[in-house]
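Visitor: This is the structure alone, sequence omitted:
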DNA sequence: TTTAGCACTCTTCAAGTTTGATTGCTAACT
DNA sequence: AGTTAGCAATCAAACTTGAAGAGTGCTAAA
């Protein structure tokens, strides 16, 4: 589609613009980009790249900036996905070796690491429990009218929730509940917890519906609800020149303040590999001035959390994708 | 200290400035503020108020704005702490009636309500468990090398944590652990969980230090760590004219991004009543351009969470304090 | 096909100008 | 005494102007 020199010019413009945040002039490209021709020739190439929609101008006599199509082509064809230094590798490795007791903690640490290495804002979210199997479910009495349910899933996710009752419960009842629930739910998908189970338990057990019902309801609720969203390095974005525009800054704060938007955004990516959404490619129109890069952290094919970077369209895609690839590999257990 | 008319003038200036965010001119005060005199007289009063340090000017021919001292005087002597409408009362009441299973949830809901009613950004944090007594402590085995500890405190706070072991644990052991820990810890302060307890348990029980040690360590850790910080309505602040200054906006994002700063800020307030910190009165110099209003949510004298509002110095103190007072009363169980 | 050269366009910056808001002062008024 | 009208002085904000500079697009020659 594009001849070699056009590719080189496009790549040079994208990378120059990522570095400087200024429209790139034909002159700027004659230095340090391995292009053996004059600025006039580059001007001709740029003109054609603009005609095919890879470049834009901010005004008639300005340099060029990449268009959405230009960024997309760069991300698909031109970027260097191994743009990661030995120091960065060492730093990432050491961070990921932190011993964690909860899997969600690991996603958080990974997100924090990405934010530190790339200097962009990251957001992360735990897995929806609904994709998993119940490994074990335990009930603990706290006081006489309060109980905690702890659910362990097959990939090691632990969810707990408090249930309150309108009547007293005793240890004996808790034992029966423990036995009955585990009997029916061990190794079953989350959807098993529903109306039929409730009826079955109500029939089997001698306790009133006032005991069974709140348990089922609360467990369903906690398993279905979206996980907590973690935000790292929001302030880092504010050092970028894009954020000198009040409108951009305000949009950004609106985005990170809207948990549902973030959750949707993170949940919508494909499970495989790394997803890049450039500007208007984002489903949410609020994100049209930003780029988002996400990946899902998996173990044995089970999703264990999603991590996303949000930054300006002029994002350092090479660095971001290189770091994400490396972390993704590490998290998925590949340690070479 | 100030005669009646000076008070009126100061109050009018503070309130006008809170409304308009513009320096207040002598002319503006002749309308709608019940001051029966000419602009010239007001100019004389303003001049004297400025000499005594209650007012500032942005430049020689500008109107006046309140100084820190002016705001402080207003907050201490002039504000209306019942500036709350029937609708707001109804709205707040309905929100606070939400049934919650965890006490921390209530703090969160209250913070969210305050943000919605006042249109300022709120931050909230749960109580440090260390101020409380252990009511009950329960251990649940999850798999063979993982355990969950659930701690219930005397004011109903529930804390849970996962503990991992390097060796297998069985149900029998968990039972003993449950018995021993409860025996030693019921109704004791959190500090009881420490080295002497560890040694005692190690002597009493036949299990290896590999079991006792991680339990004590992890429980200590989770009980001592700061609670999660919740932020509500960060975007609301960005609608204020103060945030048209990039520097202010950036400082604000830095503040809300620094969890330790927020935690310190919320923990430092006095337990009693409502704390108001205006600009430089804040301990942290990062907050010098902002005002912070906090209160601690208590039940039976036990602290159950702190809620703070952060906004510009030009904050609507009357509204904020009225709403806080009302919510504080409601949370503390006073329902009239 | 590439390049040098040059006219043209447009932004940015600084300096100058106008406008309008507001004060402080003075002198008259109650 | 305290209050007020009137007016010069002050200053920010908004607009105007002009020069400098960066960059392109086009043309004609290599």
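Guide: Yep, that arrived. None of the values given here were measured: they were computed from a predicted structure.
Visitor: switch to C-alpha atoms for all contacts and neighbour counts from now on
Guide: Noted.
Visitor: now what about the host helix or strand of residue A:324, what contacts it?
Guide: Under the criterion of DSSP states H and E, residue A:324 resides in helix A:317-331. Contacts with helix A:317-331, where a contact means CA atoms under 8 Å, 6 or more residues apart in numbering or on different chains, come from A:75, A:79-84, A:92, A:110, A:114, A:117-118, A:274, A:293, A:295-299, A:335.
Visitor: Could you list which of those residues belong to helices?
Guide: A:92, A:110, A:114, A:117, A:118 (DSSP state H).
Visitor: any idea of the pLDDT on the third one?
Guide: This means residue A:114. In this prediction, residue A:114 carries a pLDDT score of 98.
Visitor: That one contacts residue A:123, doesn't it?
Guide: No - contact criterion CA atoms under 8 Å: residue A:114 and residue A:123 do not qualify, at 10.0 Å.
Visitor: quick one: which of the ones in helices among the contacts of helix A:317-331 is nearest residue B:267?
Guide: Residue B:267 lies nearest to residue A:110 out of those, by CA to CA, at 29.1 Å.
Visitor: is it true that residue A:37 touches residue A:31?
Guide: No - counting by CA under 8 Å, residue A:37 sits too far from residue A:31 to count as a contact (10.1 Å).
Visitor: Ranking by neighbours, what's the top pick from the ones in helices among the contacts of helix A:317-331?
Guide: Among the ones in helices among the contacts of helix A:317-331, residue A:114 has the most neighbours (other CA atoms under 10 Å in any protein chain shown), with 25 neighbours.
Visitor: ok now do that one, which residues does it touch?
Guide: Contacts for residue A:114 (CA under 8 Å, 6+ apart) come out as A:120, A:122, A:323, A:324.
Visitor: One more: residue A:210?
Guide: Residue A:210 sits next to A:165, A:166, A:167 when contact means CA under 8 Å, 6+ apart.
Visitor: Go again with 10 Å.
Guide: A:165, A:166, A:167, A:202 (CA atoms under 10 Å, 6 or more residues apart in numbering or on different chains).
Visitor: How about residue A:33?
Guide: Contact analysis of residue A:33 by CA under 10 Å, 6+ apart lists A:8, A:9, A:11, A:12, A:13, A:15, A:16.
Visitor: Would you mind giving the domain segments of chain A?
Guide: Domain ranges of chain A: A:4-78, A:86-128+A:227-331, A:131-224, per automatic domain parsing.
Visitor: Can you list the low-confidence ranges for the stretch 151-300 of chain A?
Guide: Counting by pLDDT under 70, the stretch 151-300 of chain A contains low-confidence residues at A:206-207, A:271.
Visitor: Show me what residue A:299 is bridged to.
Guide: residue A:302 (DSSP bridges).
Visitor: thought it was touching residue A:155?
Guide: Yes - shown here, residue A:299 and residue A:155 form a contact pair, counting by CA atoms under 10 Å, at 7.5 Å.
Visitor: Buried residues of the helix or strand harbouring residue A:262, list them for me.
Guide: Using DSSP H and E, residue A:262 sits in helix A:259-268. Neighbour-count burial for helix A:259-268 flags A:261, A:262, A:263, A:265, A:266, A:267 (criterion: 16 or more other CA atoms under 10 Å in any protein chain shown).
Visitor: Mind picking the two most distant members of the residues you listed?
Guide: Largest separation among the buried residues of helix A:259-268 by CA to CA: A:261 and A:267, giving 9.9 Å.
Visitor: which helices and strands sit right next to whichever helix or strand residue A:230 is part of?
Guide: For residue A:230, the enclosing helix or strand under DSSP H and E is strand A:229-232. Packing partners of strand A:229-232 (3 or more CA pairs under 10 Å, 6 or more residues apart in numbering or on different chains; DSSP states H and E): helix A:103-118, strand A:121-125, helix A:246-257, helix A:259-268, strand A:302-312.
Visitor: Counting neighbours, what do you get for residue A:179?
Guide: Other residues within reach of residue A:179, judged by other CA under 10 Å, total 14.
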